[in-house]
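# only geometry, no sequence info:
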């Protein structure tokens, strides 16, 4: 596998914790920022196979744009972090800024509906989300055989960050930032009431 992280300290921790796997050639750790501008170059430089089994995108904000820009490979399964503060049918995507870093607030990423529609456009089907309301799971369309279909509303999990890695309520302090593409159907659905 390959693990890319832009934070120098985190990359060092990953190398220390997984030195056994790294020493045996099972894991490569790359200290780099992944952006919409460089994702294809990084993937090619790392020699990832076109039919990679699993790709997880968790860049704390620009996940939608990184996946949208990715054309060098067609992974079988893609996991993408979503912002569970915005239930379907809300379609919001954080305004792109390649240099922006997550500030720990609720201003990050994209709604599940936005990611589901991007997945469809890229040839992927949303198949589920994790119970903590953090990750969305997509399967490439050509691998979709005899599975029941469900939409983003049926598969949505709200934010339950207490179920995360630390086992206590962490939450994200509320914040407002620029988002893209707020459709009228979100207002009609009463999301703002």
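Happy to help now that I have it. Fair warning: this is a prediction, and the values are worked out from it, not measured in the lab.

# Okay, helices next: where are they in this protein?
All helices of the chain, identified by DSSP state H, fall at 8-17, 19-23, 39-45, 63-69, 112-122, 152-155, 184-188.

# How about the contacts made by residue 57?
By C-beta atoms under 8 Å, 6 or more residues apart in numbering, residue 57 lies in contact with 34, 63, 66-67, 78-81. All C-beta spots, glycine's among them, are computed from the backbone N, C-alpha and C.

# show me the residues around the residue positioned nearest the centre of the chain that make contact.
Nearest to the geometric centre of the chain sits residue 80, at 2.3 Å (C-alpha atoms, centre = their mean). Residue 80 is in contact with 56-58, 63-64, 67, 115, 135-136, 138, counting by C-beta under 8 Å, 6+ apart.

# Residue 99: which of those residues is nearest?
Using C-beta to C-beta, residue 63 is the member of those that lies nearest residue 99, at 15.4 Å.

# Show me the one of the helices of the chain that comes nearest residue 98.
Closest among the helices of the chain, once you apply C-beta to C-beta, is helix 63-69, at 8.5 Å.

# Check the helices of the chain for me and report the most buried one.
helix 63-69 (a mean of 22; mean count of other C-beta atoms under 10 Å).

# what distance separates that helix from the centre of its chain?
Distance of helix 63-69 from the chain centroid (C-alpha atoms, centre = their mean, to the nearest Å) equals 8 Å.

# before we move on, the earlier item: how about a markdown table for the contacts of residue 57, with pLDDT and distance to residue 178 added?
Below are these laid out as a markdown table (pLDDT from 0 to 100; distance: C-beta to C-beta, whole Å):
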| residue | pLDDT | distance to residue 178 |
| --- | --- | --- |
| 34 | 95 | 21 |
| 63 | 96 | 16 |
| 66 | 96 | 18 |
| 67 | 97 | 20 |
| 78 | 98 | 25 |
| 79 | 98 | 26 |
| 80 | 98 | 20 |
| 81 | 97 | 19 |
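
# ok, those vs residue 92, which is closest?
Closest approach to residue 92 among the contacts of residue 57 (C-beta to C-beta): residue 63, at 13.0 Å.

# what's near enough to touch the closest one?
57, 80-82, 109-110, 115.

# Take those residues and keep only those in strands.
Members of the contacts of residue 63 lying in strands (criterion: DSSP state E): 57, 80-81.

# Turn those residues into a markdown table, columns for distance to residue 87.
As requested, the ones in strands among the contacts of residue 63 are exported to a markdown table (distance: C-beta to C-beta, whole Å):
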| residue | distance to residue 87 |
| --- | --- |
| 57 | 21 |
| 80 | 17 |
| 81 | 16 |
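
# tell me which of the residues you listed is nearest to residue 175?
residue 81 (16.5 Å).

# And the pLDDT for the residue nearest to the closest one when sequence neighbours are not counted?
The shortest distance from residue 81 to any residue other than its chain neighbours is 4.5 Å, reached at residue 58 (C-beta to C-beta, 6 or more residues apart in numbering). At residue 58, the model reports a pLDDT of 94.

# Perfect, that will be all.
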